[in-house]
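# turn this into a structure:
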Amino acid sequence: MPLSVLIWLPAVAALVAALLPRRLAGRVTLVGALGALALAIGYVVWFDRGRDGLQFVTDQVWISQLGIHYKLGLDGLNLFLILLTALLFAAGMLAANLREWDRPRLFYFQLALAESGVLGAFAAQDLALFVGFFDLMLIPFYFLIGAWGGPGRVPATTKLVIYTLVGSLFMLAGAVATGVIAGRGGTPDFVLSHIVQIELPKSSQEWIFLCFAAAFLVKMPLFPLHGWMPDGYRAMPLPVLAIFSAVLSKVAAYGFLRVVLPVLPDAAAHFQTLILLIALASILYGSVMAFTQTDVRLIVGYSSIAQMGFITLGIFSLRPEGAQGALLQMINHGLVVAPLFFIIGLLASRAGGSEDVRDMGGLALRAPVLATLFLITALATLAMPGSANFVGEFLILLGTFEAKLAIAVVAFTGVILASVYMLRAYIRTMHGPAGGGVESREIAPADALVVVPLVAAIVALAFYPQLPLARSQAAVTGAVRSAQLIAAPPRPAPPVATRPQGRPPPGGAEHGGGRP
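Now for the predicted structure:
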């Protein structure tokens, strides 16, 4: 089945829902999201791990004068990210259906269009198409925040637009320059499989790299380009925030693996230390800020900055094991942060609407199932041994140790800090002294239908992280190979000592040391 069906099914379902009574809008859009999830599961089942290169390819010339193709495909880099996207959007749609929304048909259309944009960005194999989907997925979130957000949504939307628009303009300039250079004076060429075969001039690679890095680092976000995050996270509706934090940041990290490292290997090696330092600063800054927050949203938000720092660390270790750990950690973080935000909504509803940990406490008294779900998610966040997060961070640190020992040693402190801020949040909300007006009650079946499958996926991946690792190994190794050879060229073999002709070996018969 063509990948286009998977990509556009949510948006088509939302268009159909827009023609129906408003009470049916959410249900019909949810059906479209569940259909996309079923197709994503099917592609994982049908994926042939023994084949190299892209599978399920669609390649049609779209704009011939500009050399732009409508090319889609799956490989180890994007297979499980597409499954993650479909799963989390389905969970977000289900969570949204449990609430009443003003102008529901427009709300669900924006959410479904965002899903189509994210799926398209992950599946795109043409640079211009990737940029188009990257910008498309952001547009609905501007409206979702501005129209359905909470207090402060207008300045939050303004900041988000300014930051992401500037980053997107830089990326557009870099993409156009890449296609023109790859065209060698003729028709531009934006097909990624063609561009990677062309060695772009090093001077051009460097400024193009900075353009892409600006867009991706803003979107992830990493320190110091995270200025939109606090206001944006406070203003977003929780189902929207869960999807935004869990999925959209992964498109930026994926862009480094899909576009930057294979197409701009010289620049990636040149700026390796700079990006590693930015990642390290993000780990430390995000961890410290998460520890100092009392707003549960911002605790999770700043912890996400630290986690995206770890992911960037693995990518720019420019080692296959580090990049594989980063890809696994993208999946882990998405699976963990989405249920965390859904649980935050449940906690706030029991604390009079407050999302401040000081107004919570004692919620586990009559809610052991909710407390258990929160505990599993919290332990996965801090990379407890036995979780898939532990495997991902282990591979990331292993790759970083081989690349930059000092940075890896300092980054390890982020693992320690994660245990502090996440356990603090869990203990304070679940077992601390009860705040005034706190109502301790068990999770409702409808809410459990949203959270339990995600927690089950966390547990399943902990038991078998090899599922995504085995299918991504070849693609990840190919993505980092060129940059790795430039950053750390293989050492020449030591010269083999030769003996002068006619001279007997040491210990020979003439020296009395030979055996008879």
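# okay, CA-based contacts and neighbour counts for the rest of this
OK.
# what about the strands in the protein?
For the chain, applying DSSP state E gives strands covering 55-63, 68-74.
# shaky segments in the stretch 1-150 of the chain?
Across the stretch 1-150 of the chain, the ranges flagged by pLDDT under 70 are 1.
# what's near enough to touch Leu313?
Contacts here follow CA atoms under 8 Å, 6 or more residues apart in numbering; on that basis Leu313 touches 275-276, 279-280, 322, 326, 396, 400.
# a markdown table for these, including pLDDT, distance to Phe374 and neighbour count?
Converted to a markdown table, the contacts of Leu313 look like this (pLDDT from 0 to 100; distance: CA to CA, whole Å; neighbours: other CA atoms under 10 Å):
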| residue | pLDDT | distance to Phe374 | neighbour count |
| --- | --- | --- | --- |
| Ile275 | 94 | 33 | 20 |
| Leu276 | 94 | 32 | 23 |
| Ala279 | 93 | 28 | 28 |
| Leu280 | 92 | 28 | 25 |
| Gly322 | 92 | 29 | 32 |
| Ala326 | 93 | 24 | 34 |
| Ile396 | 92 | 25 | 31 |
| Thr400 | 90 | 31 | 28 |
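# any idea which of those is the one closest to Leu111?
Nearest to Leu111 among these: Ala326, at 27.0 Å, using CA to CA.
# please name the nearest non-neighbouring residue to the closest one.
Leaving aside its sequence neighbours, Ala326 sits nearest to Ile311 (CA to CA, 6 or more residues apart in numbering; 4.5 Å).
# please name the residues that touch Val369.
442-443.
# again but with Phe401, I slipped
Per CA under 8 Å, 6+ apart, neighbours of Phe401: 407-409.
# how near is the residue nearest to Val450 when sequence neighbours are not counted to Ala367?
Nearest non-adjacent residue to Val450, counting by CA to CA, 6+ apart: Ala91, 5.6 Å away. Distance, Ala91 to Ala367, using CA to CA, to the nearest Å: 22 Å.
# neighbour-wise, which of those two wins?
Taking neighbours as other CA atoms under 10 Å, Ala91 and Ala367 compare with Ala91 leading, 26 against 15.
# if we can go back for a sec, my guess is the residue nearest to Val450 contacts Asp447. True?
No: look at Ala91 against Asp447 with CA atoms under 8 Å: they stay out of range, at 10.3 Å.
# show me this protein divided up by domain.
For the chain, automatic domain parsing gives the domain ranges 1-218+228-236, 271-481.
# centre of the chain to the first one, how far?
I take that to be domain 1-218+228-236. Centroid displacement of domain 1-218+228-236 relative to its chain, using CA atoms, centre = their mean, to the nearest Å, is 13 Å.
# stretch 468-485: how far from the chain's middle?
Worked out by CA atoms, centre = their mean, stretch 468-485 lies 17 Å from the chain centre.
# contacting residues around that stretch?
With contacts defined as CA under 8 Å, 6+ apart, stretch 468-485 is touched by 49, 52-53, 75-77, 80, 257-258, 261-262, 264-266, 268-269, 318-320, 323-324, 328.
# now do it, average pLDDT.
Regarding stretch 468-485, the rounded mean pLDDT is 89.
# could you list the buried residues of it?
468-469, 471-477, 479-484 (16 or more other CA atoms under 10 Å).
# now that stretch - C-alpha only, CSV.
What follows is stretch 468-485, C-alpha atoms only, in CSV (Å, rounded to 0.1, in the frame of the first residue of the first chain):
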residue,chain,number,x,y,z
PRO,A,468,14.1,-1.2,16.8
LEU,A,469,17.8,-1.6,17.3
ALA,A,470,18.1,-4.6,14.9
ARG,A,471,16.1,-2.8,12.2
SER,A,472,17.9,0.5,12.4
GLN,A,473,21.5,-0.7,12.6
ALA,A,474,22.3,-0.7,8.9
ALA,A,475,20.6,2.6,8.2
VAL,A,476,22.2,4.4,11.2
THR,A,477,25.7,3.1,10.3
GLY,A,478,25.2,4.4,6.8
ALA,A,479,24.0,7.8,8.0
VAL,A,480,27.1,8.5,10.2
ARG,A,481,29.7,6.7,8.1
SER,A,482,31.0,9.6,6.1
ALA,A,483,31.1,12.1,9.0
GLN,A,484,32.7,9.4,11.2
LEU,A,485,35.6,8.8,8.7
